[in-house]
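Undergrad: sequence? don't have it. structure:
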């Protein structure tokens, strides 16, 4: 759907807030990111896809760089949302479920997600900060489930947070590699290994 | 020592091969990388440190970009060399020893190593390729110790190699974070957790 879409049944042009239109444009931006790297996302391409003028897009995003930042912010927000805990009782089952949701997202947006990760490691400090904030938020959520962690004997400490953040680097690298070529490994096996690695990293030694 | 150094005792200017001089200049480049990011390594800085003319340096490295590539190649070669197995019988003890050598290297070259890792994730395909080759070589070495892996019940398969390469991403992230701020975690504890994570990732489930 494009901003200000005409409803086919009523012929009425939907009146949307500026924020609503911007969100729709970001939807399209993230969809484009499914099959294209971030650096190929241009205002021109968005204009073609959304069927609105470049001028209007500059009104929403200022410039290409701001558009990229907004798309990355939206994509990491999507990842955060789809990996939300479903209140499974077993903390390990919950972890595997969230990892599975993450894997599915990366699979659906492989080209763009890979470019996003590369961009987040590049020289652009704003993209790096968005990406690091997102990773920290994901780790915070792991530690917010105190009951589950206590069941595993895990303390919330700077050391366990450091290890959990680095575990997120493992997950990202492994999921991107697996999506590119699973090497004969089942999805469930990958998720179990990754979840098991977190336990070894942050649970106290036996 | 600079290329063509005059020996203080004999007054004889050492005659060095082109390759030997280039290696000495790379020694200085890697030393500079200990306290400076890669992007600050200029031909001018190297010229000051080595006490030789810029013109001669351009003779060895062509341009700044080639100089950076040569320094990165040398640095990853150093990492490969210092993490060489010491033929410890226990494969886990060997793994911890190699991880410790890696950690010490990162600690000594923190600023430069961090910038190297960032550069390797950036848009420069040549730096990325050198870095990925180095990671693959490190993983190959893990799998070359067939006896040790067999003792752990690990099969050499595309899946276990995928997981071992991603484990290397975990190690890199955790070691860089720990060097920046250990968060109260002992060096030995970090190394043990990281080694334990590899076992969980690549050893068959019980």
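TA: That came through fine. Since the model is a prediction, treat every value here as computed from it, not as a measurement.
Undergrad: Could you use CA atoms for every contact and neighbour count after this?
TA: Noted.
Undergrad: Can you name every helix or strand that the longest helix seen in chain A contacts?
TA: The longest helix of chain A (DSSP state H) is helix A:158-180. If you count contacts as 3 or more Cα pairs under 8 Å, 6 or more residues apart in numbering or on different chains; DSSP states H and E, helix A:158-180 packs onto helix A:91-108, helix A:110-120, helix A:125-144, helix A:187-202, helix B:158-180.
Undergrad: Now with 6 Å, please.
TA: helix B:158-180 (3 or more Cα pairs under 6 Å, 6 or more residues apart in numbering or on different chains; DSSP states H and E).
Undergrad: can you give me the angle the helix it packs on makes with helix A:187-202?
TA: Helix B:158-180 and helix A:187-202 meet at an angle of 30 degrees, taking axes from the mean of the first three to the mean of the last three Cα atoms, to 10 degrees as the criterion.
Undergrad: Relative to the whole chain's centre, how far out is helix B:158-180?
TA: Distance of helix B:158-180 from the chain centroid (Cα atoms, centre = their mean, to the nearest Å) equals 14 Å.
Undergrad: what comes up buried for that helix?
TA: For helix B:158-180, burial by neighbour count (16 or more other Cα atoms under 10 Å in any protein chain shown) applies to B:159-179.
Undergrad: coming back round to it: if we look at the longest helix of chain A, which residues are touching it?
TA: A:107, A:202, B:166, B:167, B:169, B:170, B:173, B:174, B:183, B:185 (Cα atoms under 6 Å, 6 or more residues apart in numbering or on different chains).
Undergrad: ok and it relative to helix A:91-108, angle-wise?
TA: 40 degrees.
Undergrad: Now do helix A:158-180, average pLDDT.
TA: The pLDDT scores in helix A:158-180 average 95.
Undergrad: How much space separates the nearest residue to residue A:130 once chain neighbours are set aside from residue A:28?
TA: Excluding its sequence neighbours, the residue lying closest to residue A:130 (Cα to Cα, 6 or more residues apart in numbering or on different chains) is residue A:73, at 6.5 Å. Residue A:73 sits 14 Å away from residue A:28, taking Cα to Cα, to the nearest Å as the criterion.
Undergrad: cool, and residue A:176?
TA: 23 Å.
Undergrad: Also residue A:92?
TA: 35 Å.
Undergrad: Residue A:185 too?
TA: In terms of Cα to Cα, residue A:185 sits 33 Å off from residue A:28.
Undergrad: Show me what from chain A comes close to chain B.
TA: A:118, A:121-122, A:158-159, A:166-167, A:169-170, A:173-174, A:183, A:185, A:193, A:197, A:200-201 (Cα under 6 Å from any Cα of the partner chain).
Undergrad: mind redoing it with 7 Å?
TA: Taking Cα under 7 Å from any Cα of the partner chain, the part of chain A that reaches chain B is made up of A:118, A:121-122, A:158-159, A:162-163, A:166-167, A:169-170, A:173-174, A:177, A:183-185, A:193-194, A:196-197, A:200-201.
Undergrad: Show me the shaky parts of chain A.
TA: A:1-15, A:145-148, A:206 (pLDDT under 70).
Undergrad: how about 90 then?
TA: Residue ranges of chain A with pLDDT under 90: A:1-21, A:31, A:33-40, A:85-95, A:110-112, A:114-125, A:138-156, A:203-206.
Undergrad: just to revisit the earlier point, just give me the closest of the contacts of helix A:158-180 to residue A:154.
TA: Closest approach to residue A:154 among these (Cα to Cα): residue A:202, at 6.2 Å.
Undergrad: okay, now that closest one: neighbour count?
TA: Using other Cα atoms under 10 Å in any protein chain shown, residue A:202 has 23 neighbouring residues.
Undergrad: Thought residue A:156 was touching it, still the case?
TA: No. Contact criterion Cα atoms under 7 Å: residue A:202 and residue A:156 do not qualify, at 9.1 Å.
Undergrad: Wait, residue A:76 touches residue A:135, no?
TA: No. If you go by Cα under 7 Å, residue A:76 and residue A:135 don't touch, sitting 8.8 Å apart.
Undergrad: Now for these two: what residues contact both?
TA: Residues touching both residue A:76 and residue A:135 by Cα atoms under 7 Å, 6 or more residues apart in numbering or on different chains: none at all.
Undergrad: Just the closest of the contacts of helix A:158-180 to residue A:58, please.
TA: Using Cα to Cα, those come closest to residue A:58 at residue A:107, 30.7 Å.
Undergrad: residue contacts, the closest one?
TA: Neighbours of residue A:107 in contact, by Cα under 7 Å, 6+ apart: residue A:179.
Undergrad: again with residue A:200
TA: B:193, B:196, B:197.
Undergrad: Residue A:118 too?
TA: B:121, B:122.
Undergrad: and if you look at residue A:44?
TA: residue A:54.
Undergrad: And it, which helix or strand is it part of?
TA: helix A:43-50 (DSSP states H and E).
Undergrad: right, and the helix or strand after that helix?
TA: Taking DSSP H and E, what comes next after helix A:43-50 is helix A:54-61.
Undergrad: Mind listing residues that contact that following helix?
TA: So helix A:54-61 is contacted by A:22, A:43, A:44, A:47, A:67 (Cα under 7 Å, 6+ apart).
Undergrad: Skipping its backbone neighbours, what lies nearest the first one in space?
TA: Nearest residue to residue A:22, sequence neighbours excluded (Cα to Cα, 6+ apart): residue A:60, at 6.5 Å.
Undergrad: any idea how far that neighbour lies from residue A:25?
TA: 9 Å.
Undergrad: what about these two, which has more around it?
TA: Here residue A:60 and residue A:25 are set side by side on neighbour count (other Cα under 10 Å), and the busier one is residue A:25, at 24 against 16.
Undergrad: Can you tell me the SS state at the more buried one?
TA: The three-state assignment at residue A:25 reads helix, by DSSP: H, G, I helix; E, B strand; the rest coil.
Undergrad: Which residues belonging to stretch A:43-51 are considered buried?
TA: Here stretch A:43-51 shows A:43, A:46, A:47, A:50 as buried, counting by 16+ other Cα under 10 Å.
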